[in-house]
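Enquirer: turn this into a structure:
(2 chains)
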Amino acid sequence: MKLTVGSCILAFAICPLLIAFSTPARAELNPNDIVKKADLKRGLGNISHSFNVLVTNQDNKREVFHVLFKDVNNTLTEQTEPERSRGRKLLMKDYDIWLFTPNIKKALRISLEQKLTGEVSNGDIARTNYAEDYDAEFINADKKENANVYHLALKAKNKKVTYGRIEYFLTKKDCMPIEATFFAISGKPLKHATFSEPKMIQGLPRLTKMVIVDYLQKDKISTLVFTDQTPEKFSDSLFNKERLEF
Amino acid sequence: LIKQPFAFFLIGATAFTVPNGASADIWAYQARGYLFGRLSTYTDPAPKDYGQQTRVQFAQSMDFSKNFSALSQLRWTSNSLSTDLNTKQQVLAKKETFEIFLGENYFKYKAENWVAQIGYQEVVWGEAFGFNYADIISPKDQRETLYSDAADARLPLLLFNEKTFFSIGDLSGSLQLLFSPEPRFSKTLPIELYTGKLLTNFTINVNKEKTPALFKNKEYGGKLAGSYGGYDVSAFSFTYLDRSPHYVFESATINTLTIKENHNKISSQGMSLAKSVYDFVFRTDLVLTNNKMINYVDSGILKTLTTSQFEALVSLDSPTFHDYSGVLIFAQSNLKDIMMNSFREKQEQYIIGKLSKNLGEDRTFEFSYTHEFAHSGHSLQSFINWPVNSTNDIKLGGQFYFGDEQSNLNKYKKISSIFISLKNYFQL
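Expert: The predicted structure is shown next:
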């Protein structure tokens, strides 16, 4: 085959076009990966660490919890305020949960859905990695406050998790959670949460405030402020039910 | 205080170890407690209508290092229940209504895989609540067991308490060893509550048995516990002086009988289990006690029978539904042998239903009904618990006992009442 000047020019002209059209479009993130990324915006992820949570309700009643997070399946929460509740401990291992109160003096197995305080369920403090407990899928792309957002439906992987379903809005730019609506296994809407106040913690911007409003009684509000996130190693025995009394 | 040299030492040591300035980052000291007062109005005629109860606890906790700490509690209790239940108009000893005593006072050392506590402490076994059959270690103040928290009824015991923790794969558990050189006894109610109608012709004087001297009697036992696959299981054994007394005849006149308390050595073995079933929680405690001594009256003479006692409790906690939750409990206590005219029945069975409603902002409403099968006794209790602010709780409620005259629950009929209580928590 004889190459002519014309055919060479044509080849040079067409090649870039072919390359341009054959380059795949920018890959859309998998919804479960988005949730994983978002989990890192609400905490330190699956790193062993401790943190404090201040919960205030609509009447400014405050409660303070100190949380030891070994991994997603081992969490120990101890209440430090108010005085009447000091020393209450909540241990979560996988989907098992035990409550220790200083007056009963023994750790009692309880169910995950029991409320810890106000509008806050045990799982809202002690089991916050949604990627572990829910399968995500896109509902549609949406626009909230002029930012492109993901609108995801998170479906419980099993009946042991805190909620049956979560509708989750996150920024498309950096998978930052914006708001969520939580539903019971029965499908009944329970509460609505908004996430705010990002701060640089351990090298990443992370949201430090969560405001939870009862879905039906809008005047029932709990505000959670997360502070003092510190990477820390813990021995296995700290997460032993039999150790709670000590 | 003098009877508890160890605790006395601890309080003294505390006073000298309170941190100051430079070492404050290593040492930690906290003082806290509560004040509690309760007023009742009896709904049935009572010979002495006091219905009063006050309780104070002051506790100091000290962290000497990350692993080593101590707790020292002082308690005050004033409770008119013994006087109110006393049908014979006898003058009761002052300590039956009022006491200041040392609560938990112990040193604690926490290592990575074990913890040891030495001193006066309260240890609780079992998975269930309602009837705390497996709660065999600590003596109880039986004036408090009718409607109060079990914690208010529990009394401390001098113990060496060591617990080792282990995990093998998904199984986590512990082995606990207990040793006490100083057995203690439960604080009992007026004797008529136990004798019923058996010795009504006499005024009965009871000589209480004193706490044995240190190391004169020894109590020991242990518990092996594990959690695996959603099950919490434990097996335990404890050899101890019976916390409740049996009585032996001492002397008598035409209308007065003097008897003496005795607490013989008994041994309890048992097991507990808890399991989540969907959003329900199933619990059971099973306890077998050998060498239990039961009083009976034979031809007007007070005698005792040695027998075995088997106690079983099963319960089911419901999940929360529209802010309501419930518990259903069945409890049974069986004696292997029994004589005619015994102080108790061969078989005692109870069923308890509890319903709670979350009223929001930590306010709760509770209603419970207890049915006694042997002689058809009944008890109703209901209250609203209202945390008015971060340090004060108000409780308003009522408790009513009725049924067949022979039933255990009817024995408390005269303290059926409505009540109001206030609890203040403080931190210094």
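
Enquirer: got the contact list for the residue lying closest to residue B:172 once chain neighbours are set aside?
Expert: Closest residue to residue B:172 apart from its sequence neighbours, by C-beta to C-beta, 6 or more residues apart in numbering or on different chains: residue A:240 at 4.9 Å. For every residue, glycine as well, the C-beta is placed using N, CA and C. Residue A:240 makes contact with B:165, B:167, B:172-174, according to C-beta atoms under 8 Å, 6 or more residues apart in numbering or on different chains.

Enquirer: got a winner among the residues you listed for most neighbours?
Expert: Most neighbours among the contacts of residue A:240, by other C-beta atoms under 10 Å in any protein chain shown: residue B:165, with 25 neighbours.

Enquirer: Provide the secondary structure category for that residue.
Expert: Here residue B:165 is strand, with the state taken from DSSP: H, G, I helix; E, B strand; the rest coil.

Enquirer: looks like it contacts residue B:113 (just checking).
Expert: Yes - at 5.3 Å, residue B:165 and residue B:113 qualify as touching, with contact defined as C-beta atoms under 8 Å.

Enquirer: where does the stretch 51-200 of chain B come near chain A, residue by residue?
Expert: Contact residues, the stretch 51-200 of chain B versus chain A (C-beta under 8 Å from any C-beta of the partner chain): B:108, B:110, B:112-113, B:115, B:117, B:122-127, B:129, B:149-152, B:154, B:163, B:165, B:167, B:172-174, B:176.

Enquirer: before we move on, the earlier item: just flag the most distant two among the contacts of residue A:240.
Expert: B:167 and B:174 (9.8 Å; C-beta to C-beta).

Enquirer: against chain B, how distant is residue A:189?
Expert: As for residue A:189, its distance to chain B is 14 Å (criterion: C-beta to the nearest C-beta, to the nearest Å).

Enquirer: does residue B:362 touch residue B:387 like I think?
Expert: Yes - using C-beta under 8 Å, residue B:362 is in contact with residue B:387, at 4.8 Å.

Enquirer: hang on, the earlier thing: anything in contact with each of residue B:165 and residue B:113?
Expert: With C-beta under 8 Å, 6+ apart, residue B:165 and residue B:113 have common neighbours residue A:237.

Enquirer: the helices in the chain, which residues?
Expert: In the absence of a named chain, this looks at chain A. If DSSP state H is used as the criterion, the helices of chain A fall at A:5-22, A:31-42, A:122-126, A:130-133.

Enquirer: could you do chain B instead?
Expert: Using DSSP H, helices in chain B cover B:5-17, B:81-85, B:150-153, B:192-195.

Enquirer: check the ones you listed for me: which has the lowest mean pLDDT.
Expert: Mean pLDDT is lowest for helix B:5-17 among these, at a mean of 54.

Enquirer: tell me the predicted confidence for residue 69.
Expert: I'll assume chain A. The model reports residue A:69 with a pLDDT of 93.

Enquirer: not quite, go with chain B.
Expert: 96.

Enquirer: same check, this time on residue A:4
Expert: pLDDT recorded at residue A:4 is 58.

Enquirer: remind me, longest strand of chain A?
Expert: With secondary structure taken from DSSP state E, chain A has its longest strand at strand A:189-201.

Enquirer: which other helices and strands contact that one?
Expert: The contact analysis (3 or more C-beta pairs under 8 Å, 6 or more residues apart in numbering or on different chains; DSSP states H and E) places strand A:189-201 against strand A:177-183, strand A:204-214.

Enquirer: what's in contact with it?
Expert: Outside strand A:189-201, the residues that touch it by C-beta under 8 Å, 6+ apart are A:41-42, A:44, A:119, A:163, A:176-184, A:205-215, A:225, A:229.

Enquirer: before we move on, back to that, which of the helices of chain A has the lowest mean pLDDT?
Expert: helix A:5-22 (a mean of 51).

Enquirer: how about the residues of chain A by chain B?
Expert: Of all the residues in chain A, those lying near chain B are A:57, A:59, A:61-62, A:81-84, A:86, A:93, A:96, A:98, A:102-106, A:108-111, A:113-115, A:117-118, A:159, A:220, A:235-237, A:239-243, A:245-246, going by C-beta under 8 Å from any C-beta.

Enquirer: any low-confidence regions in chain A?
Expert: A:1-28, A:112-119, A:141-147 (pLDDT under 70).

Enquirer: what about 80?
Expert: For chain A, the stretches flagged by pLDDT under 80 are A:1-29, A:111-123, A:126-128, A:140-147, A:159-162.
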